[in-house]
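Undergrad: What follows is a protein structure lacking sequence information:
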């Protein structure tokens with residue numbers, strides 16, 4: 001069966017089933033371990049516009065609805081562009097799982113940068129920076145995080161765990177961004 005309509009139908013089916021955008025794999029997350037400190041970076045390109053990207057990244061009160069492992073998330077306080085956010089959850093990787101909780105100070109700067117640092121919680125220290133840059137057909141997100149765990153984790157396990165968790169989280173964020181972008185364009 002070499003009918004043109006059949007090839008077109010198969011192409012259409014593959015297009016509808018394929019996830020929009022490119023999913024991040026564990027290998028797309030760069031993790032370095034230095035003296036008890038994990039440093040990770042990743043880049044996500046999404047077809048969602050910057051306004052939708054920012055809306056998802058700052059939707060702290062609803063984050064548990066679309067972020068894997070996040071059980072509760074709420075804004076404790078907000079003053080203009082500075083939030084205090086409390087989150088609780090559990091992250092899993094293979095047979096390992098770890099509960100977490102955090103209270104973070106998150107500052108949104110000019111709708112293009114998000115700075116975050118832990119005030120208390122499961123990590124001894126955590127700080128991150130996210131840059132949101134408009135692109136011709138969407139947005140580029142550059143993410144950098146430094147985490148010093150509260151307890152010792154073997155570096156090889158910790159690096160793989162971080163790669164997996166960050167890939168899973170950013171893929172979930174991208175799915176939510178695309179869902180919201182779609183609701184803006186009926």
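TA: Nice, thanks for sending it over. This is a predicted model, so every value here is computed, not measured.

Undergrad: which secondary structure elements does the top helix by length along the chain contact?
TA: Longest helix in the chain by number of residues (criterion: DSSP state H): helix 155-184. Helices and strands touching helix 155-184, by 3 or more C-beta pairs under 8 Å, 6 or more residues apart in numbering; DSSP states H and E, are strand 30-34, strand 37-46, helix 50-57, strand 82-93, strand 138-149. Quick note: C-beta positions are derived from backbone N, CA and C, even for glycine.

Undergrad: Tell me the pLDDT of residue 93.
TA: pLDDT recorded at residue 93 is 66.

Undergrad: got the angle between the longest helix of the chain and helix 50-57?
TA: 120 degrees (axes from the mean of the first three to the mean of the last three C-alpha atoms, to 10 degrees).

Undergrad: quick one: average confidence on helix 155-184?
TA: So the average pLDDT for helix 155-184 ends up being 89.

Undergrad: For residue 170, give its distance to residue 29.
TA: 8 Å (C-beta to C-beta, to the nearest Å).

Undergrad: who touches both of the two?
TA: By the contact definition C-beta atoms under 8 Å, 6 or more residues apart in numbering, residue 170 and residue 29 are jointly contacted by residue 42.

Undergrad: who's more crowded, those two?
TA: Counted by other C-beta atoms under 10 Å, residue 170 and residue 29 do not tie: residue 29 has more neighbours, with 24 against 20.

Undergrad: phi, psi of that one?
TA: phi -100, psi 120 (degrees, to the nearest 10).

Undergrad: wait, it sits on residue 40?
TA: Yes: counting by C-beta atoms under 8 Å, residue 29 does reach residue 40; the two are 5.9 Å apart.

Undergrad: Touching both of those two, which residues are there?
TA: Common neighbours of residue 29 and residue 40 (C-beta under 8 Å, 6+ apart) are 162-163, 166.

Undergrad: Quick check: residue 119 is in a strand.
TA: Yes: when DSSP: H, G, I helix; E, B strand; the rest coil is applied, residue 119 is found to be in a strand.

Undergrad: With adjacent residues omitted, what lies nearest to it?
TA: Excluding its sequence neighbours, the residue lying closest to residue 119 (C-beta to C-beta, 6 or more residues apart in numbering) is residue 103, at 4.6 Å.

Undergrad: So the one you found: helix, strand or coil?
TA: strand.

Undergrad: Kindly report the same for residue 151.
TA: Under three-state DSSP, residue 151 falls in the coil class.

Undergrad: What score does it have for pLDDT?
TA: For residue 151, the model assigns a pLDDT of 76.

Undergrad: So what's the residue count around it?
TA: Neighbourhood size, residue 151 [other C-beta under 10 Å]: 8.

Undergrad: now do residue 126
TA: 19.

Undergrad: what do you get for residue 161?
TA: Neighbourhood size, residue 161 [other C-beta under 10 Å]: 22.

Undergrad: Give me the helix or strand of this protein that scores worst on average pLDDT.
TA: Least confident helix or strand of the chain, by mean pLDDT, DSSP states H and E, is helix 4-17 with a mean of 34.
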